[in-house]
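Trainee: Sequence below, structure please.
(2 chains)
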Amino acid sequence: MKKENEKSLYSYYLKRIKKEKRHIFIWQISIFLLFIALWELTSRYHIIDPLLFSSPAKVISLLSEKLIDGSLLKHLVITLGETLIGFFIGTILGIGIATVLWLSEKTAKISDPYLVILNAMPKVALGPILIVALGPGYLSIIMMGAIISVIITALVVYAGFNDVDDQYQKVLKSFGASKWQCFKEAIFPATLPTMISTLKVNVGLSWVGVIVGEFLVSNNGLGYLIIYGFQVFDFTLVMLSLVIIAIFAALMYQVVEYIEKWLMKHTH
Amino acid sequence: MSFITLKNVSHTYFSKAGYTRAIEEVNMTVEKGEFIAIIGSSGCGKSTILSSIARLLEPTKGDILVNGNPIHHEKPSIGYMLQQDYLFPWKTILENILLGPKINQSLDNLAVEEARNLLKEVQLSHTEDNYPASLSGGMRQRAALVRTLMTNPDILLFDEPFASLDYVTKLKLENTVSDMTKQYHKTTILVTHDLGEAISMSDKIILMKSNPGKIAKAFSVPEVLRKETPFFVRRNPAYQSIFDEIWNHLNDDPSLTAERRTVIEKGK
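Mentor: Numbers count the residues shown, from 1 in each chain, chains lettered A, B, ... in the order given. Model prediction:
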């Protein structure tokens, strides 16, 4: 009898959770639809300037037009590729620098003021120099996506390495472990959660670097579409590019989050 | 010739603020297969002695000899067990236990088999693929003990390994450790706050006083108690008499029970 009762309470509990989830989802969808409807209506009745703010209907019709002639896909692939490569270079190089700093305390102390200055410097300001040095092409844009995240990654990950409890190293050293073995067995795996959270930040940063890079040089990519739309006063094109960037940046973030969950599940 | 000899060993810690003398003129000998307990209030340099035998730090003065040779020539293998288990949370129990062989590059099927046998001996066979987080405190400390024994160390160093456990678990683990060190005829040095634990496990008790850490007196545990398991030692009439002897000694000398007072002497 009691068991029966617990069972029904449990199914009631599950139902309640499901209901709450549905409730939240309905709210989220409603806000989105309301926003789109408001945008469309205010634009149509000229409450906001349709020339400047475009409208959802115009954005969608431009989207289908650009999808059919294939030109959007080309720009998207280019920007996405640059962002991914920049993201990987920035992250891997950053973690690499942090590793070198950890392995040699002296190097860390010597390079400290330089890292502080480089970190404080707005990286996009280096854009023109990069373009002069590497040429006005994909390479400069990718480097923009990379340098924007490399120093902050190095600093955050290095701090993470130093935060690892010394006692783990004590255990390894009592077995006679070398500094590299301590790094491999304790320092690196203990810092994985920190590294994942820098990945999340770097996803956003790389988009910033690449879009600014495309503003400066490119004749391809979503950043170029924004600048082009701005110059010819086609704000429907600007809005369309923004929507696409928002969708793909969010997707990349989701992928990183998925990787995080997978890693945590398989290592803890 | 004794197995381990400490000859006039002193150690001073240096920091920017000044220097602290941790131990001064410590002389002691440990025979092969002997179980030594070091007791004293915090700040008496107990852990400094362990760390210098583990070669994790080099004493500023004095010699540590193993079989009559300097310890850094003899390089005895060390099993160091800390106050907390410090099992690596991202490794399974089996992987944790195989850490020593992995560091020494002696990881093979034989080592895995040995690890499984030891796990069986401490009733942890069923946990070999689990992560440490899913084990209780006592189970984790037992796993840490197996990890310590895996490299078949010449010297076992225990730095208050039972301090973080509840009383019942602690008593059980004392028995396990005592059985295993006797069975494998290990030379062991145990650092502890707990007088009862020291008497019930060891052959010889070294009482230290602090500021700076010096040996105050050494006590020999009666033969009748040495053969018993820790649990039964506590019920033996001889236990009370040696407990009282050490206890009276502690009360007569106020410097023995003095709280830690970090003495930092300013450099000139």
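
Trainee: check contacts around whichever residue of the stretch 151-268 of chain A sits closest to chain B.
Mentor: Sorted by distance to chain B under CB to the nearest CB, the residues of the stretch 151-268 of chain A start with A:Ser174, at 3.6 Å. C-beta coordinates here come from the backbone N, C-alpha and C atoms, glycine included. Taking CB atoms under 8 Å, 6 or more residues apart in numbering or on different chains, we find A:Ser174 in contact with B:Ala54, B:Leu56, B:Ile78, B:Gly79, B:Tyr80, B:Leu157.

Trainee: Stretch A:167-175: which residues count as buried?
Mentor: Neighbour-count burial for stretch A:167-175, counted by 16 or more other CB atoms under 10 Å in any protein chain shown, picks out A:Tyr168, A:Gln169, A:Lys170, A:Val171, A:Leu172, A:Lys173, A:Ser174, A:Phe175.

Trainee: could you say what helices and strands the longest helix along chain A packs with?
Mentor: Longest helix in chain A, counting residues (DSSP state H): helix A:2-44. Contacts of helix A:2-44 with other secondary structure elements, assessed using 3 or more CB pairs under 8 Å, 6 or more residues apart in numbering or on different chains; DSSP states H and E, are made with helix A:50-53, helix A:56-68.

Trainee: follow-up on the earlier one: among the buried residues of stretch A:167-175, which lie within helices?
Mentor: Cross-referencing those with the helices (criterion: DSSP H) gives A:Tyr168, A:Gln169, A:Lys170, A:Val171, A:Leu172, A:Lys173, A:Ser174 as the overlap.

Trainee: B:Ser136 is nearest to which of the helices and strands packed on helix A:2-44?
Mentor: Proximity to B:Ser136, assessed across those by CB to CB, is greatest for helix A:56-68 (58.0 Å).

Trainee: between the closest one and helix A:2-44, how big is the angle?
Mentor: Inter-element angle recorded for helix A:56-68 and helix A:2-44: 90 degrees (by axes from the mean of the first three to the mean of the last three CA atoms, to 10 degrees).

Trainee: Run the chain-centre distance for helix A:56-68.
Mentor: In terms of CA atoms, centre = their mean, to the nearest Å, the centre of helix A:56-68 is found 26 Å from the chain centre.

Trainee: Return the set of buried residues in the following helix or strand past it.
Mentor: Towards the C-terminus, the helix or strand next in line after helix A:56-68, according to DSSP states H and E, is helix A:71-103. Judged by neighbour count (16+ other CB under 10 Å), helix A:71-103 contains these buried residues: A:72, A:75-76, A:78-80, A:82-87, A:89-91, A:93-95, A:97-99, A:101-102.

Trainee: who wins for proximity to chain B among the helices and strands packed on helix A:2-44?
Mentor: Taking CB to the nearest CB as the measure, the helices and strands packed on helix A:2-44 were each checked against chain B, and helix A:56-68 came out nearest at 44.9 Å.

Trainee: For that closest one, which helices and strands make contact with it?
Mentor: helix A:2-44, helix A:71-103, helix A:235-267.

Trainee: who's in contact with B:Gly137?
Mentor: Contacts here follow CB under 8 Å, 6+ apart; on that basis B:Gly137 touches B:Asp85, B:Ser164, B:Leu165, B:Asp166, B:Thr169.

Trainee: Check those residues for burial and list the buried ones.
Mentor: Among the contacts of B:Gly137, those buried by neighbour count (16+ other CB under 10 Å) are B:Asp85, B:Leu165, B:Thr169.

Trainee: Go through these and name the one nearest chain A.
Mentor: Looking across those and measuring by CB to the nearest CB, the closest to chain A is B:Asp85, at 9.5 Å.

Trainee: Could you grab the helix/strand/coil label for the residue in the stretch 51-200 of chain B that chain A sits nearest to?
Mentor: For the stretch 51-200 of chain B, the residue closest to chain A is B:Tyr80, as judged by CB to the nearest CB, at 3.6 Å. Secondary structure, DSSP: H, G, I helix; E, B strand; the rest coil: B:Tyr80 is strand.
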